[in-house]
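from the sequence below, what's the structure:
(one chain, ligands or ions: 1)
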Amino acid sequence: MRKTALFALLLAAAVMLTPVGRGEASVVKSVYGPTIYTWSDALAGAGDITPDTAVVRLPDGSLTTVPAGTWTPDGDAEAWSPGLAGRLDALLGALVGAGLDPETLRGLEVYALPAYTLALLGQERDPESPRVVAGVYREGAVVLAGLWINAADQTFLHELGHHLADRVLGTAGYWWPGGTGEKAALRREYLALRGYPQDRPLNGVSQAALPWGERAGEWFAEDFAYWAAWRVTGIRPDADSYLASPGPPDERVLAWFDRVFIGCQGNTSTQH
Ligand SMILES: [Zn+2]
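Next up, the predicted model:
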């Protein structure tokens, strides 16, 4: 009894002595394939990406966002967005549970950087496109502003959409032209289904030169994010959250995503 009480006291003391802002970075090897790096453990994946808006702790102890070129310390990042790696892992699990082939996720790396928004250095393909971003996909790696409000859902799913387009439709480098084979057939199907303007060149350089919302790859990534959120939650996302120019996908488009990504045919109102 006495010993237990002493142990409890020591435990309480240990908890109280744990400094605020202590490191909580982590690397999670998802059983669904990807490796997820958060906070300072993600910095190795930042490359030329820098913080644009940071989360900082005010003297009263509260957290707020400020334009700053500094990464947010691990403890503050974890306090702002607790358990992000686990939530991203759970979302992957939900997608696999819905029928997504984990083979399409194998080898993917996810870097959730400790910033609220990110700045892309240099001219990223299109000088017109905003250089401040919440996420970016670079061959084999999703890079997120981990403290962004939608990092764990909409933004992650959008960037995952780019990854799956590359894997399943062969669109690496914004490459959408026709050709032969299964991947080319899927690209053609998607563009026709979405009524993508036929006079727009589909090679990577031309696509990247278009405004963000006019690029086939961004239509696809937004469609994927919409479809995936619906498949995981059972609820259609808010139409206002859809950012590319064609507007949210209709039943036919959703049915196409069902067929291509979870092998379902037919009625899209059915839960799979
Ligand atoms: Zn995108």
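
buried set for stretch 207-227?
Burial within stretch 207-227, assessed by neighbour count using 16 or more other CB atoms under 10 Å, is assigned to 207-210, 212, 214-227. Quick note: C-beta positions are derived from backbone N, CA and C, even for glycine.

CA atoms only: put stretch 155-170 into PDB for me.
Coordinates of each C-alpha in stretch 155-170 appear next as PDB, following Å, rounded to 0.1, in the frame of the first residue of the first chain:
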ATOM      1  CA  THR A 155      -4.500  18.100 -48.100                       C
ATOM      2  CA  PHE A 156      -3.100  14.600 -47.500                       C
ATOM      3  CA  LEU A 157      -5.700  13.000 -49.700                       C
ATOM      4  CA  HIS A 158      -5.000  15.400 -52.500                       C
ATOM      5  CA  GLU A 159      -1.300  14.700 -52.500                       C
ATOM      6  CA  LEU A 160      -2.000  11.000 -52.200                       C
ATOM      7  CA  GLY A 161      -4.100  11.400 -55.300                       C
ATOM      8  CA  HIS A 162      -1.000  12.600 -57.200                       C
ATOM      9  CA  HIS A 163       0.900   9.600 -56.000                       C
ATOM     10  CA  LEU A 164      -1.900   7.200 -57.100                       C
ATOM     11  CA  ALA A 165      -2.200   8.900 -60.500                       C
ATOM     12  CA  ASP A 166       1.500   8.300 -61.000                       C
ATOM     13  CA  ARG A 167       1.300   4.700 -59.800                       C
ATOM     14  CA  VAL A 168      -1.900   3.600 -61.500                       C
ATOM     15  CA  LEU A 169      -2.300   6.000 -64.500                       C
ATOM     16  CA  GLY A 170       1.500   6.600 -65.200                       C
END
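
can you report phi and psi for the residue of the stretch 101-250 of the chain found nearest the ion?
Residue nearest to the ion within the stretch 101-250 of the chain (CB to the ion): A221, separated by 4.4 Å. Backbone dihedrals for A221, given as degrees, to the nearest 10, come out at phi -60, psi -40.

contacts only, for it.
Contact analysis of A221 by CB atoms under 8 Å, 6 or more residues apart in numbering lists Y137, H158, E159, G161, H162, A165, A244.

pick out the lowest-pLDDT one from those.
The member of these with the lowest model confidence is A244, at 92 (criterion: pLDDT).
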